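Participant: 3D model of this:
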Amino acid sequence: MKILGISSHYHDAAAALVIDGMPVAAVQEERLSRRKNDAAFPLAAIEYCLEQHGLEPDDLDAVVFYERPMLKFDRILTCALRAFPKSWRSFPHAMKNSLGEKLWVRGIISSHLEVDRRKILFTEHHRSHAAAAFLTAPVRDAAILTADGVGEWAALTVGHGTRRPDKTAITLLREIRFPHSLGMLYSTFTAYLGFQVNEGEYKVMGLASYGRPTMADAVRKIVELGVDGLVLPPPLCDDMEAMEVLWNAQIPALSFASADPRSYSSSVSIDDFEGARSLARHLLTLGHREIAFVRGDPLHSTARAREEGFRAAMAEAGVPPKDDLMANGDFTYRSGLSVGRELLERKARARPTAVFASNDDMAAAILAVAHGLGIRVPGELSVAGFDDTPIASTVWPQLTTIHQPLAQMASTAVEILFEMARQRRTGERVETHHRRCDFSLQVRGSTARLDA
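Facilitator: Got it, this is the predicted structure:
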């Protein structure tokens with residue numbers, strides 16, 4: 001029996017081929033597309049697996065998707081309705097995400113592979129984890145433990161696997177269900193340390209062995225005593241599932257630096273839209289019209305608001321942004337290097353005269369690319385960022401950027417959470433608060449007039 005397994009539309013899409021109960025080929029799509037954490041339908045990975053054994057899609061007995069999209073949609077919808085009316089702002093976003101490609105997987109697989117729809121099957125998320133562990137292990141019998149953020153409903157499962165000449169079986173016996181999740185706890189610490197959720201957990205894992213457990217006692221106290229409130233920095237402040245976990249646990253939460261705060265949680269932020277519009281206006285005032293814009297991670301509300309602010313300023317000036325000058329980054333220095341080469345390794349007439357990056361890390365990377373190509377900043381190119389993080393004042397020339405008053409924002413966040421925690425302890429109605437702090441345009445040496 002020949003079975004093709006597929007995962008996609010979340011993160012790290014992949015394909016695997018199992019013949020007569022033995023895995024014979026497997027590869028992540030990113031290995032072939034060269035796009036980190038590529039989540040697209042893994043057509044290249046599928047072709048690779050089939051080519052390794054000279055198979056065509058018609059030769060397959062079954063194509064199995066790694067989870068049950070309808071059951072996952074059931075969880076998302078149930079959690080949204082349980083929290084209603086306080087979930088009214090997050091509800092459209094959740095439905096938009098769920099009613100896209102993720103829910104119509106059978107049709108997508110059928111159209112790509114041209115296989116009989118009756119051959120397309122679905123298995124549980126955690127059963128897929130269990131199979132990946134057991135089928136690749138050199139054992140006949142094993143106890144199996146799986147743990148991650150959340151699958152359909154399960155966040156942790158316990159079961160066993162048996163392998164015999166005539167049959168291979170995996171049985172899941174017990175499960176812990178969302179919102180109780182060790183994986184989400186781990187991702188919370190990943191975000192706290194500044195790494196990207198669903199990508200940087202391995203860094204936390206690797207670094208842990210080199211550190212000293214100075215915070216272990218504090219973490220134990222949090223687990224034992226519970227928490228009175230939680231500050232959620234990006235990207236957790238835009239993670240609806242994380243917010244729902246805290247809402248269901250009745251733990252006061254505060255979104256820090258989110259451009260789209262939930263109505264049922266407090267928030268402290270700046271006006272990212274106006275900040276971006278202010279910086280774009282500055283570049284326009286300097287005479288620039290060929291202005292490139294580097295987007296941030298589209299999953300972050302701040303990235304969307306900053307792009308909207310940039311587009312608004314360009315529209316006011318009657319200068320519609322050019323498609324070839326709108327570049328996709330993800331807030332990382334690495335993505336800034338890639339985008340910088342894409343924008344600047346052009347003939348001089350095709351290059352932008354100014355680049356507005358959605359954060360300082362990407363702007364600093366673009367500055368480095370410009371230096372490497374011998375492009376004078378700001379003589380031939382102006383570069384601007386956003387946030388005013390330490391890198392903005394340590395590169396040369398120093399970056400023009402939008403200053404976020406992070407110290408003031410943090411102090412305000414703590415004051416709000418203290419008050420919410422007090423109200424919770426005394427049985428009062430917990431009030432939510434939304435505070436906007438003032439941003440400021442920091443003009444430095446990386447921008448100048450076009451004719452300077």
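Participant: what's the distance between V369 and E345?
Facilitator: 8 Å (Cβ to Cβ, to the nearest Å). Every C-beta, even on glycine, is put in place using the N, C-alpha and C of the backbone.
Participant: Which of the two has more residues huddled nearby?
Facilitator: V369 (22 against 12; other Cβ atoms under 10 Å).
Participant: Check which element follows the helix or strand harbouring the more buried one along the chain.
Facilitator: Here V369 is covered by helix 360-372, with elements defined by DSSP states H and E. Using DSSP H and E, the next helix or strand after helix 360-372 towards the C-terminus is strand 382-384.
Participant: and after the biggest helix by length in the chain, which helix or strand comes next?
Facilitator: In the chain, assigned by DSSP state H, the helix with the most residues is helix 406-425. Under the assignment DSSP H and E, the closest C-terminal helix or strand after helix 406-425 is strand 434-436.
Participant: Counting by contacts, list what that next one packs against.
Facilitator: strand 266-269 (3 or more Cβ pairs under 8 Å, 6 or more residues apart in numbering; DSSP states H and E).
Participant: mean confidence score for the strand it packs on?
Facilitator: On average, the pLDDT along strand 266-269 is 90.
Participant: List the buried residues of the following helix or strand past that strand.
Facilitator: For strand 266-269, the following helix or strand on the C-terminal side (DSSP H and E) is helix 272-285. Neighbour counts over helix 272-285 (16 or more other Cβ atoms under 10 Å) mark 272-284 as buried.
Participant: Could you do stretch 15-23 as well?
Facilitator: 15-18, 23.
Participant: Just send these back as JSON lines, with distance to A191 too.
Facilitator: Formatted as JSON lines, the buried residues of stretch 15-23 follow (distance: Cβ to Cβ, whole Å):
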{"residue": "A15", "distance to A191": "29"}
{"residue": "A16", "distance to A191": "30"}
{"residue": "L17", "distance to A191": "35"}
{"residue": "V18", "distance to A191": "35"}
{"residue": "P23", "distance to A191": "33"}
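Participant: Turn these into a markdown table, including distance to L254, pLDDT and secondary structure.
Facilitator: Below are the buried residues of stretch 15-23 laid out as a markdown table (distance: Cβ to Cβ, whole Å; pLDDT from 0 to 100; DSSP: H, G, I helix; E, B strand; the rest coil):
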| residue | distance to L254 | pLDDT | secondary structure |
| --- | --- | --- | --- |
| A15 | 41 | 95 | strand |
| A16 | 42 | 95 | strand |
| L17 | 47 | 95 | strand |
| V18 | 46 | 92 | strand |
| P23 | 45 | 89 | strand |
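Participant: and which of those is nearest to G5?
Facilitator: Within the buried residues of stretch 15-23, distances to G5 taken as Cβ to Cβ reach their minimum at A16, with 4.3 Å.
Participant: Contacts only, for that closest one.
Facilitator: 4-5, 23, 25-26, 49, 132 (Cβ atoms under 8 Å, 6 or more residues apart in numbering).
Participant: so what's L232 bridging to?
Facilitator: On the basis of DSSP bridges, L232 is bridged to S255.
Participant: ugh, wrong one, S440
Facilitator: Counting by DSSP bridges, the residues bridging with S440 are H403.
Participant: and it, how many neighbours?
Facilitator: A count of neighbours around S440, defined by other Cβ under 10 Å, yields 14.
Participant: Distance check, it against D388.
Facilitator: From S440 across to D388, the span is 8 Å (Cβ to Cβ).
Participant: Next one: the closest residue to D451 other than its chain neighbours from K347, what distance?
Facilitator: Spatial nearest neighbour of D451, chain neighbours left out: G287 (6.4 Å); criterion: Cβ to Cβ, 6 or more residues apart in numbering. Distance of G287 to K347, given as Cβ to Cβ: 21 Å.
Participant: Also F41?
Facilitator: Distance from F41 to K347, by Cβ to Cβ: 36 Å.
Participant: and if you look at Q423?
Facilitator: Taken as Cβ to Cβ, the span from Q423 to K347 is 62 Å.
Participant: who has more neighbours, the two?
Facilitator: Each of Q423 and K347 had its neighbours counted (other Cβ under 10 Å), and the higher figure belongs to Q423 (14 against 6).
Participant: got the buried residues for the helix holding V369?
Facilitator: Those would be 360-367, 369-370, for helix 360-372 by 16+ other Cβ under 10 Å.
Participant: TSV please, covering the residues you listed and showing pLDDT and distance to R351.
Facilitator: Compiled in TSV, those are given as follows (pLDDT from 0 to 100; distance: Cβ to Cβ, whole Å):
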residue	pLDDT	distance to R351
D360	95	21
D361	94	22
M362	95	17
A363	96	16
A364	95	19
A365	95	16
I366	96	12
L367	96	14
V369	96	11
A370	95	10
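Participant: Which single one of these is nearest to R118?
Facilitator: M362 (47.3 Å).
Participant: just checking, that closest one touches F331?
Facilitator: Yes - the pair M362 / F331 is scored as a contact, 6.7 Å apart, by Cβ atoms under 8 Å.
Participant: who touches both of these two?
Facilitator: Contact criterion Cβ under 8 Å, 6+ apart; residues shared by M362 and F331: G296.
Participant: Excluding covalently adjacent residues, which one is nearest to F178?
Facilitator: Per Cβ to Cβ, 6+ apart, closest to F178 is V150, 4.4 Å.
Participant: Select the helix or strand of the protein having the lowest average pLDDT value.
Facilitator: In the chain, no helix or strand scores lower on mean pLDDT, DSSP states H and E than helix 216-225, which sits at a mean of 58.
Participant: burial of S187, as a residue count?
Facilitator: Counted with other Cβ under 10 Å, the neighbours of S187 add up to 24.
Participant: in which helix or strand would I find it?
Facilitator: helix 182-192.
Participant: can you pull the buried residues of that helix?
Facilitator: Applying 16+ other Cβ under 10 Å to helix 182-192 flags 183-188, 190-191 as buried.
Participant: picking up where we left off before, does the residue nearest to F178 touch H180 like I think?
Facilitator: No - taking Cβ under 8 Å as the definition, V150 is not a contact partner of H180, at 9.6 Å.
Participant: From the contact counts, what lies against the strand or helix carrying T401?
Facilitator: According to DSSP H and E, T401 maps onto strand 401-403. Packed against strand 401-403 by the contact rule (3+ Cβ pairs under 8 Å, 6+ apart) you find helix 272-285, strand 440-442.
Participant: want to throw the ones you listed into CSV with mean pLDDT?
Facilitator: Shown next, in CSV, are these (pLDDT from 0 to 100):
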stretch, mean pLDDT
helix 272-285, 96
strand 440-442, 96
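Participant: what's the closest of the ones you listed to A303?
Facilitator: Using Cβ to Cβ, the helices and strands packed on strand 401-403 put helix 272-285 closest to A303, at 8.7 Å.
Participant: can you give me how far stretch 382-396 is from the chain middle?
Facilitator: Mean C-alpha position of stretch 382-396 versus that of the full chain (Cα atoms, centre = their mean, to the nearest Å) differs by 23 Å.
Participant: Nothing else from me, thank you.
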